[in-house]
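> Sequence plus the predicted model coming up.
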Amino acid sequence: MSRARLFVLAGFLALAGAGSLVLGVMQFHDDLGSYVSGQYSEYSRDANGVRYQCSGSPSDVADDIEDYQDSEARASNRGSEYLRYDDNMVIVGPDGKRPCTVRVEDINAGYSHGAFIFLGSGFRPGSPTDSAGGSPGGPDGTK
């Protein structure tokens, strides 16, 4: 190969590397917990999650969080919004005298043990198949 062709090849590889770097940076997102902690003030923490003070309605705050990162599933129940992500459950709703709070829980803290089965589809595990009667309660073994 001639010297000129090597320079052209080196230039092409440099452009491809720079393009890959730009695409990688564009895909980079802070994790959801970092985003929430940067937007809201923490007021409580325990082994299973962190609670943050928010203002506005729970549905508006949940919308704002989903504007940052779309959830895999969303449900409402008794004035609270539930957002399921790969690694986190985010619960936005009242907490005691606080009308709007955001709770971020590790998905393994209670979710995988069936704590959120009342929310329906998208909030696995669904109805336990070996529950009290041994019947899953629906067609094809799902409720």
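Perfect, thanks for sending it.

> Please give the element, helix or strand, for Asp63.
helix 58-68 (DSSP states H and E).

> For that helix, buried residues please.
58, 61-62, 64-65 (16 or more other CB atoms under 10 Å). Any C-beta I mention is one placed from the backbone N, CA and C, and that applies to glycine too.

> Can you verify Asp86 is assigned to a helix?
No: assessed with DSSP: H, G, I helix; E, B strand; the rest coil, Asp86 is coil; it does not lie in a helix.

> what about it, how many neighbours?
9 (other CB atoms under 10 Å).

> Dihedrals phi and psi, it?
phi -50, psi -50 (degrees, to the nearest 10).

> now it: how far from Ser34?
15 Å (CB to CB, to the nearest Å).

> just Glu81 next, same as before
20 Å.

> Between those two, point out the one with more neighbours.
Applying other CB under 10 Å to Glu81 and Ser34 shows that Glu81 carries more neighbours, namely 23 against 10.

> Report the contact partners of the more buried one.
58-59, 61-62, 74-75, 91-93 (CB atoms under 8 Å, 6 or more residues apart in numbering).

> Centre-most residue in the chain?
Tyr85 (2.8 Å; CA atoms, centre = their mean).

> any idea which helix or strand carries Val104?
Counting by DSSP H and E, Val104 is part of strand 98-106.

> and the angle from that strand to helix 58-68?
Calculated by axes from the mean of the first three to the mean of the last three CA atoms, to 10 degrees, strand 98-106 forms an angle of 40 degrees with helix 58-68.

> which stretches of this structure have low pLDDT?
25-30, 109-118, 120-143 (pLDDT under 70).

> which stretches of it form strands?
Listed in chain order, the strands found in the chain under DSSP state E are 41-45, 49-53, 73-77, 80-84, 88-95, 98-106.
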